[in-house]
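Visitor: Let's see this in three dimensions:
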Amino acid sequence: MSILERLEDAELALWAGENHFTMSRGSFVYLRDIRGIKLLKRVDAIREEGCLRLVYEGLPELVVLEVREGEDGLVRVSLRDGLPEGYSRCALTIPAQPEEHIYGCGEIHRQLDLKGEKVRIWVAEHQNTVRIGRKLLRRGRPSYHYLKREEKPFGFSSYESYYAQPTFVSSEKYFVHVDTDRFCQFDFRKKETILILQDAPRITIGTADSFEALSEKLTGLLGRQPSLPDWIYDGAVLAVQGGTATVQEKIDRSLAAGVPVAGIWSQDWCGCRRTGFGYQVMWNWEWDQELYPELPEKIAEWKAQGIRFLGYINPFLALEGDLYKEAAAKGYCVKNRRGDDYLVTITTFPAAMVDFTNPEAYAWYKEIIRKNMIGIGLSGWMADFGEYLPVDSVLFSGEDPYEIHNRWPAIWAAMNREVIRECGMEDEILFFTRAGHTGTLKASGMMWTGDQHVDWTTDDGMPSVIPATLSLAMSGFGITHSDAGGYTTMFSIRRSPELLMRWEEMNAFTPMFRTHEGNQPVNNAQFDDDETLLAHMAKCAGWFRALKPYLVSLERENCEKGTPVMRPLFYHYDEPEAYGEVTEYLLGRDLLVAPVLKPGAESRSVYLPADSWKHVFTGEYYEGGTFEVAAPIGQPAVFIRRGSEWESLLDGFLQAETEETVR
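Guide: Below you'll find the predicted structure:
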């Protein structure tokens, strides 16, 4: 069934009512006040060259849905006269195939195929919520933690995501993108229909014969990631905190152990605060000269060694810092309805948000990045947050924060991109973001998948990284990585050496290899805790560095055509098993990666699509099928597609492993 045939059978309904949101620590409770729903009846379909008009009755005036085919090959759907007076939302229902699979919607950690689910598009702190009786349990509460230990899956209806984008891709090789920054919903629960709930239909649909061509069309519409600096592929970016001396000590120890070090990421470059949650950053974006003496000189020295220095920033300001005092005095912060600075609580402390709708405040924040970060030699940073704009705040521009909430992380990403471009440093500096919406695609060069738990759970631990990455890939965002080892420690959750090593093995086969100490470093295994861990880091970072030519080619393909670096198996293999696979991924066209995702496992079941495969580390050959593959620590299940132009490069892994065994 073609897209036009589907749209000819589209059903249309109008809703009267309002949306209500309340926020706590970046998580939103959503309530809908519905005053009425009007189902419309289609009475005519008028076909003209390049246009189909669907006419509906049920109101005093006729409602016309226009479907236009553009010269770019895309189909655009809109209400000719907008929403009728008195109605605030519409529901467009289009036919679907019973066995159709749905992907995308931004970043979804818990699963990849969204068929059977209802997805809300609203940027938030990534959390699952579940209602038990009258209690609404959130991530981080003890009851939630104990539920996770039992691996009980949570309901999807209250799922929240850092990166929410009104875009989905079908296994039937079409995409739907809704042109709105407002709250909207996709309902995929019925096998035969797809329901799109939004303020007014402004929808773009694209079709193609392959997923590569579909990605090219989608990113041609929404934008593509800018290119990345070449140095990120030269080795690991090691998370090190605690000051100049600590950084130097860990660099020396790592290099002595043979770790290829591309960079050091010190999130506490601007100071730290110790809270009940753990070791956190002081959100005052100035170099902490007491903790990091002689930092600019050391950054230059490390860079001369080929080691870049990266930091951290977000859109908030710590109330204790000098920058907040300046921003408050100049009126640069987002306000509440009383006219005071709107203070938002994050984990355990309040902070103020800079109002990016104020041109002076926007320019001031850019100057902070230019002077305080680029100015002392930083080669990159984590551009955190972006999800927290409250809908009951007051903005300088007078815009309704409900209208701009989803766009806020895209504005934040654009600011970071602008200041790097203005400094002429796009080939040198990298920033990576956590939150996102439609406009983030063309501003941020890289995402990271956020604050996973330092555990093996499918909802929010190491396994959740794969569906999160692949859902972003199908939404058009093709370059993503994760914190090796995860981030969040709480209650009895602790990062084990085994988890860290398995995560490092996975991240060696991603576009960036970066570690994180976590929010409670002393309670987590770290990459250099002992000689075994340090040797494993050297091995994994060496794999990553050896992949540089391959990764550079994949990144170029993503920048030029929108083809994601990490891809779901169905991207290239039209097989039933491929459409539901969430524990494996393709790194480009030619590498299949099947990480070990369970503690204590020395092997795993691997599904290989119908092709000819060679195990990168053992040299064994496989045809398509499902196999139990040995995967001891240090030898993950990674396969090269035989006959690939990259096969000789990957043979280097086998040779290196053999030489290591002989030694």
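Visitor: what's residue 449 in contact with, if anything?
Guide: Residue 449 makes contact with 107, 109, 464-465, 468-469, 480-483 under the criterion CB atoms under 8 Å, 6 or more residues apart in numbering. (Glycine included, C-beta is placed from N, CA and C.)
Visitor: can you check residue 353 too?
Guide: Applying CB under 8 Å, 6+ apart, we find residue 353 in contact with 315-317, 333-334, 342, 344, 388-389, 393.
Visitor: how about 6 Å then?
Guide: Counting by CB atoms under 6 Å, 6 or more residues apart in numbering, residue 353 touches 315-316, 334.
Visitor: Any buried residues in stretch 289-303, and which?
Guide: For stretch 289-303, the neighbour count (16 or more other CB atoms under 10 Å) marks 291-292, 295, 298-299, 302-303 as buried.
Visitor: From the chain's centroid, how far away is that stretch?
Guide: Distance of stretch 289-303 from the chain centroid (CA atoms, centre = their mean, to the nearest Å) equals 31 Å.
Visitor: Could you list the residues in contact with it?
Guide: 243-244, 287, 309, 376-377.
Visitor: my guess is residue 77 meets residue 201, correct?
Guide: Yes: the pair residue 77 / residue 201 is scored as a contact, 5.4 Å apart, by CB atoms under 6 Å.
Visitor: What are the boundaries of the helices in the stretch 351-500 of the chain?
Guide: In the stretch 351-500 of the chain, the helices defined using DSSP state H, counting those that start in this stretch lie at 359-368, 401-404, 408-422, 465-474, 497-507.
Visitor: rewinding a little: got CSV for the contacts of residue 353, with pLDDT too?
Guide: Converted to CSV, the contacts of residue 353 look like this (pLDDT from 0 to 100):
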residue, pLDDT
315, 98
316, 98
334, 98
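Visitor: Residue 329 belongs to a helix?
Guide: Yes: counting by DSSP: H, G, I helix; E, B strand; the rest coil, residue 329 falls inside a helix.
Visitor: Next up, the contacts around it.
Guide: If you count contacts by CB under 6 Å, 6+ apart, residue 329 has none.
Visitor: Would you mind measuring from residue 275 to residue 519?
Guide: As for residue 275, its distance to residue 519 is 9 Å (criterion: CB to CB, to the nearest Å).
Visitor: quick one: which of these two has more around it?
Guide: Neighbours per residue (other CB atoms under 10 Å) separate residue 275 from residue 519, with residue 519 holding more: 20 against 12.
Visitor: what's around the residue lying closest to that one once chain neighbours are set aside, how many residues?
Guide: Counting by CB to CB, 6 or more residues apart in numbering, the nearest residue to residue 519 once its immediate chain neighbours are dropped is residue 278, at 3.5 Å. By the criterion of other CB under 10 Å, residue 278 has 21 neighbours.
Visitor: Kindly report the same for residue 68.
Guide: 14.
Visitor: what's the pLDDT at it?
Guide: The per-residue pLDDT reported for residue 68 equals 95.
Visitor: Could you do residue 32 as well?
Guide: pLDDT, read off for residue 32, is 83.
Visitor: Can you name the residues that contact it?
Guide: residue 19.
Visitor: ok so, going back, secondary structure and pLDDT for the buried residues of stretch 289-303 - can I get that in JSON lines?
Guide: Converted to JSON lines, the buried residues of stretch 289-303 look like this (DSSP: H, G, I helix; E, B strand; the rest coil; pLDDT from 0 to 100):
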{"residue": "291", "secondary structure": "coil", "pLDDT": "97"}
{"residue": "292", "secondary structure": "coil", "pLDDT": "98"}
{"residue": "295", "secondary structure": "helix", "pLDDT": "98"}
{"residue": "298", "secondary structure": "helix", "pLDDT": "98"}
{"residue": "299", "secondary structure": "helix", "pLDDT": "98"}
{"residue": "302", "secondary structure": "helix", "pLDDT": "98"}
{"residue": "303", "secondary structure": "helix", "pLDDT": "98"}
